[in-house]
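A.B. asks: Build me a model:
(2 chains)
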2 protein chains.
Amino acid sequence: MNNHEIRLSGSGGQGIITAGIILAEAALLDGRNALQSQSYGPEARGGASKAEVIISDEEIDYPKVSAPGILLALTQEAFNNYVQGVTAEGVILVDESITANPSANQHIFRLPILETAQARLRPVVANIIALGAMAKLTGCVSLDALEKAVLARVPRGTEDLNKRALATGVELAENQQKYN
Amino acid sequence: MNNHEIRLSGSGGQGIITAGIILAEAALLDGRNALQSQSYGPEARGGASKAEVIISDEEIDYPKVSAPGILLALTQEAFNNYVQGVTAEGVILVDESITANPSANQHIFRLPILETAQARLRPVVANIIALGAMAKLTGCVSLDALEKAVLARVPRGTEDLNKRALATGVELAENQQKYN
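C.D. replies: Now for the predicted structure:
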């Protein structure tokens, strides 16, 4: 299996850090190792939120993502800040509201994550929709492990909502149009 | 102000990761930079939980804690695993249930964190009690910032409980007996 360096980005309140923790916990359930980190500095003061996850079969001793192979961006600002760091063959998953011009070999997927969360579920589960789509598009974690990790981490009483959010993300990925 | 490298450790379900995130967010509210990380590997499979926080006035580019100056250990296993890594002049905060033999210059504080959570509040807020005690004992974050960070991160409807947990941790630290 491949190693993955993943950057999740958006604004505060979008559940970016929770998504990072869930992704790392899913990797653990897949029998792999993971390291999850977030930095708080000037960007966070401006309301931006970023979390990073490294998934590997080896012990991980390089805890900061330098060139992610997978980027999630839920805001235009996050996309603008981080798109340049993505590897040449990387996968970029962004909300449909984002205007995106990736490099030639990058694979970009624009999905209606925020709108679907609001219209069909609840805005707070946009992060879980994004995780479902990411797992489906990249295989970075298995869908089984991801569902277990989601259910173990979300508040009690919201399990059904989050299960539906995950399935919705998978469905969006299946119906996606790949740009580029 | 000093830089801090902090390791929080215990078992799964004790809210160790949440505590790490809250501590980093408090540091941000104090106007400082922070990096928070957790690794998931063989130890996590055994039910152990560990989170690390680095607090600094500079940008942080060494994201893994090597020798923490502050260690929190809520289980004997966590203490046994991590006590040797603490700096010679480090501060070690452990639950009262733990048998602790620190090195000569380390400062160890044994506080009834778990018992107090269970008897006076609720077991789930042991992590918040621990944060209150840690902030009081070490000054790693201000109590004002810590309270704001706690209230911003805990589930809605539990704000009062968590405020009381924080105050209880501060109180335990004020009444502490320092061993060694």
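A.B. asks: Chain B contacts on chain A?
C.D. replies: For chain A, the residues in contact with chain B (Cβ under 8 Å from any Cβ of the partner chain) are A:17, A:21, A:24-25, A:27-28, A:33-42, A:44-45, A:59-61, A:63-64, A:155. C-beta coordinates here come from the backbone N, C-alpha and C atoms, glycine included.
A.B. asks: Please flag which of those residues sit within helices.
C.D. replies: A:I17, A:I21, A:A24, A:E25, A:A27, A:L28, A:P42, A:A44, A:R45 (DSSP state H).
A.B. asks: export these to TSV and tack on pLDDT and neighbour count?
C.D. replies: Formatted as TSV, these follow (pLDDT from 0 to 100; neighbours: other Cβ atoms under 10 Å in any protein chain shown):
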residue	pLDDT	neighbour count
A:I17	95	23
A:I21	96	22
A:A24	96	30
A:E25	95	26
A:A27	96	29
A:L28	95	20
A:P42	82	10
A:A44	83	18
A:R45	82	12
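A.B. asks: Please identify which of those is nearest to A:A78.
C.D. replies: A:A44 (12.1 Å; Cβ to Cβ).
A.B. asks: residues touching the closest one, list them.
C.D. replies: By Cβ atoms under 8 Å, 6 or more residues apart in numbering or on different chains, the contact set of A:A44 is A:G12, A:K50, B:L28.
A.B. asks: Mind checking the pLDDT average for the helix ranked longest in chain A?
C.D. replies: Taking DSSP H as the criterion, chain A has its longest helix at helix A:159-174. Averaged over helix A:159-174, pLDDT sits at 97.
A.B. asks: starting at the chain centroid, how far to that helix?
C.D. replies: 13 Å (Cα atoms, centre = their mean, to the nearest Å).
A.B. asks: can you check stretch A:44-58 too?
C.D. replies: Taking Cα atoms, centre = their mean, the mean C-alpha location of stretch A:44-58 is offset from the chain mean by 10 Å.
A.B. asks: what's near enough to touch the closest residue to A:V65 other than its chain neighbours?
C.D. replies: Counting by Cβ to Cβ, 6 or more residues apart in numbering or on different chains, A:V65 lies nearest to A:E52, which is 4.2 Å off, once chain neighbours are set aside. By Cβ under 8 Å, 6+ apart, the residues touching A:E52 are A:E5, A:I6, A:R7, A:L8, A:G20, A:Q36, A:S37, A:Q38, A:K64, A:V65, A:P68.
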